[in-house]
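**Student:** Have a look at this prediction, sequence included:
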Amino acid sequence: MPSSFKHTLFIVLLLLAVFAVLPGVYQNHLLLFNFVIFLILAQGVNIIYGFTGYLPFGYVGFFGAGAYGFAIMVMHFQAPAALAVIVGGLVGVALGLLLTPLLRLSGAYFAIANLAASLAVLHFVANPALENITRGPYGVSLTGTFNPTLAYAAALVVLALTLGAVVYLKNSRFGLALQAVREDAVSASMAGVDVVRMRVIAWLASALVAGLAGGVYAWYLSVFYPDNVFSGDFSIFAIVFALFGGVATICGPIVGVIILYGIYNLIGFTTPQYFQLIYGLLIMGLVLFLPAGLVSLATRRGWHVP
Amino acid sequence: MIYALVAGVLFGLYFSLVGIGLNLVFGVMRIVNLAHGDFLMLGAFVAFGVVTMVGIDPLFAVPLAFVIFLLVGLLLYWVLVPRLQGSVNPEMLSIILFFGLSQVIEAVMTIFFGTSERSIQSRALGTVFSTIKVKLFGGKPDSGGPIQIFGQGFPASWVIAAITSLIAIALVYLYLYRTRLGTLTRAVMSRRDEAFATGIDVDRVSAAAFGVGLGLAAVAGIFAPFMFGSVTPAFGADATVTSFAIVVLGSLGNPLGTALGGVVYGVCYMLVQTYLSSWADLLPYVLLIFILLLRPSGLLGRRVRVA
């Protein structure tokens, strides 16, 4: 049995099955939906950070752009929701294309420029001068397409797509080439890897995923403000979840989301500042003692983690 | 117009003080201190402490805050950085590590002080000057009214903050270019491994730079309540992004570059706010991206940051 098939069967299908069944058992559907969204975003961060080493500190830019792509399609073109979600994904890709020059920057500069880009998109969308296109800072309300059940199903489809992409990266020559570029771009290009093309493809794939997630999120919420969908928490949560589990693996981000977002929901709502304290300490401990994430506990013992 | 320009320069000088600590830390250690803004916020709280508990001019908080945070910086350095430098990708991980630190600081401050906005009467700043004036020259104590520059009135606190910033930047310049430790610091900035190979105690130099950087952030924080009106524990994150814009505008490892970056930023900010206020929020980010892409080394810099 090839390993890609095994991964699909045991991780992807299992996870999807669990999240498809849970709404029937567990009443808090919004919470489950948020879990799915963060699984998508953490895997999206995994695609770009885990496999290419670019830290997308403004990842939420694509997410928010996707949400607004969805909203504009529905508000101005009365598009059906599924089509609008796809357009949301395309808006994410378009923003990704616009930002490809940022890939020329290295290390922290990329992270900071990306953060600035996401804030620029936020202030652009929230600008009162564009009120008749984006409704500016006053938020959008899309009651016509409101359908949480379908939106949840769509989120699962996007999650399946994303996980499929990560399984592909983990098991293909393309993914190996990307990791080679991450480790040493010069040697990789010597070995015949088209560095720029590889990076751009991974970058756009990651943007597409976030855009689709944004579209689905807009569909599910149907009423939101720019500050909701461009909240920096999305980028940071996604990055921390992915890192906590361990990037460049399939399981890592999933484990990270389930553990950390679980803790967040247990204590985050009642006492946010204590959560913030624990969360900050967790992050610091993670970086200092487990920089390769939870999965490194297993890999250090020589176990193979997909 | 003149008002916007002068206010821009005053704010700009202050912004350079905000950015300069970050510049030192990033330049010397290649570590992104995302908690920079939170140290600013802590500095502001030192100022509150001095004003409310002792009731003296917050200017006295300047040396106090600097020394406290210098020591805090040295301590933090020894706890955090050696482990971080040993990891695979310290530059990226530092972003996340210091994000965690900023969360911790913010949470602790919220637990102890709540989320309410705090401000200090702007009259409190600079009372020491009027007291001295009264003692030496007699006359009435003036109540810190506006200071006249080019026929326009500006709050005295802005001018005092700008002057303090100038002094601080001059001191940093002297430290870097006129002392032995400063020369070593610049050596580490330009080539860390070569500096290590020549026998420079890189850890000691970096620790000093980290301490000075945090101390400067805290000093900048003392003036934050006067420049921005009020301060909450959550104020740190915005301040960090602004500081980055300024540091990148100037250039790494050059205090004069940061001063220039701060002034350019301040003037642009004031001009846009005066003439195109709905787009003013967009400015720092767009400016930051364009500078990074078009002139990756900053206004006064060497080329270091192209992938």
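**Tutor:** Structure received.
**Student:** residues touching the closest residue to A:Ile267 other than its chain neighbours, list them.
**Tutor:** Nearest non-adjacent residue to A:Ile267, counting by Cβ to Cβ, 6 or more residues apart in numbering or on different chains: A:Phe275, 5.1 Å away. Every residue, glycine included, has its C-beta placed from N, CA and C. Neighbour list for A:Phe275: A:263-264, A:267-268, B:107 [criterion: Cβ atoms under 8 Å, 6 or more residues apart in numbering or on different chains].
**Student:** closest to A:Leu98 among those?
**Tutor:** Of all those, A:Tyr264 has the smallest distance to A:Leu98: 32.1 Å, by Cβ to Cβ.
**Student:** Is the closest one within a helix or a strand, and which one?
**Tutor:** Secondary structure from DSSP states H and E places A:Tyr264 in helix A:262-267.
**Student:** now swap in A:Ala210 and tell me
**Tutor:** Applying DSSP H and E, one finds A:Ala210 within helix A:195-221.
**Student:** Is that helix in proximity to chain B?
**Tutor:** No. Helix A:195-221 stays clear of chain B (Cβ under 8 Å from any Cβ of the partner chain), getting no nearer than 9.2 Å.
**Student:** Tell me the buried residues in that helix?
**Tutor:** Neighbour-count burial for helix A:195-221, counted by 16 or more other Cβ atoms under 10 Å in any protein chain shown, picks out A:195, A:198-200, A:202-221.
**Student:** Show me what from the stretch 101-250 of chain B comes close to chain A.
**Tutor:** Neighbours of chain A within the stretch 101-250 of chain B, by Cβ under 8 Å from any Cβ: B:101-108, B:110-111, B:237, B:241, B:244-245, B:248.
**Student:** what about A:Asn28, neighbour count?
**Tutor:** For A:Asn28, the count of nearby residues is 11 (other Cβ atoms under 10 Å in any protein chain shown).
**Student:** any idea how far it is from chain B?
**Tutor:** According to Cβ to the nearest Cβ, to the nearest Å, A:Asn28 and chain B sit 26 Å apart.
**Student:** How confident was the prediction at that residue?
**Tutor:** Looking at A:Asn28, its pLDDT is 81.
**Student:** again, but for A:Lys170
**Tutor:** Looking at A:Lys170, its pLDDT reads 84.
**Student:** so it is in which element?
**Tutor:** Counting by DSSP H and E, A:Lys170 is part of helix A:148-171.
**Student:** List the buried residues in that helix.
**Tutor:** For helix A:148-171, the neighbour count (16+ other Cβ under 10 Å) marks A:151-152, A:154-156, A:158-163, A:165-167, A:169-171 as buried.
**Student:** re earlier: please indicate which of the contacts of A:Phe275 are buried?
**Tutor:** Among those, those scoring as buried are A:264, B:107 (criterion: 16+ other Cβ under 10 Å).
**Student:** Now the element after the helix holding A:Ala210, going C-ward?
**Tutor:** Once helix A:195-221 ends, the next helix or strand along the chain (criterion: DSSP H and E) is strand A:223-224.
**Student:** mind checking the backbone torsions on A:Leu142?
**Tutor:** phi -120, psi 60 (degrees, to the nearest 10).
**Student:** Quick check: closest non-adjacent residue to it.
**Tutor:** Nearest non-adjacent residue to A:Leu142, counting by Cβ to Cβ, 6+ apart: A:Ser222, 4.6 Å away.
**Student:** now B:Pro82
**Tutor:** Counting by Cβ to Cβ, 6+ apart, the residue nearest B:Pro82 is B:Asp203, at 7.1 Å.
**Student:** burial of that neighbour, as a residue count?
**Tutor:** A total of 15 residues lie near B:Asp203 under the criterion other Cβ under 10 Å.
**Student:** and it, that one's in a strand?
**Tutor:** No. The assignment for B:Asp203, made by DSSP: H, G, I helix; E, B strand; the rest coil, is helix rather than a strand.
**Student:** Show the model's pLDDT score for it.
**Tutor:** pLDDT, B:Asp203: 84.
**Student:** Give me the contact list for the helix or strand just after the helix holding A:Lys170.
**Tutor:** From helix A:148-171 onward toward the C-terminus, using DSSP H and E, the following helix or strand is helix A:173-183. Residues outside helix A:173-183 that contact it (Cβ under 8 Å, 6+ apart): A:51-53, A:168-169, A:187-189, A:191, A:193, A:195, A:198-199, A:201-202, A:248.
**Student:** Return the distance of helix A:173-183 from the chain's centre.
**Tutor:** With Cα atoms, centre = their mean, to the nearest Å as the basis, helix A:173-183 stands 20 Å off its chain's centre.
**Student:** I'd like the mean pLDDT over it, please.
**Tutor:** So the average pLDDT for helix A:173-183 ends up being 86.
**Student:** Let me see the contact set for the closest residue in space to B:Val62 that isn't next to it in sequence.
**Tutor:** Leaving aside its sequence neighbours, B:Val62 sits nearest to B:Val219 (Cβ to Cβ, 6+ apart; 5.5 Å). By Cβ under 8 Å, 6+ apart, the contact list for B:Val219 reads B:17, B:43, B:62, B:65-66, B:164, B:168.
**Student:** Any of those buried? List them.
**Tutor:** Listed as buried from the contacts of B:Val219 are B:17, B:43, B:62, B:65-66, B:164, B:168; burial here means 16+ other Cβ under 10 Å.
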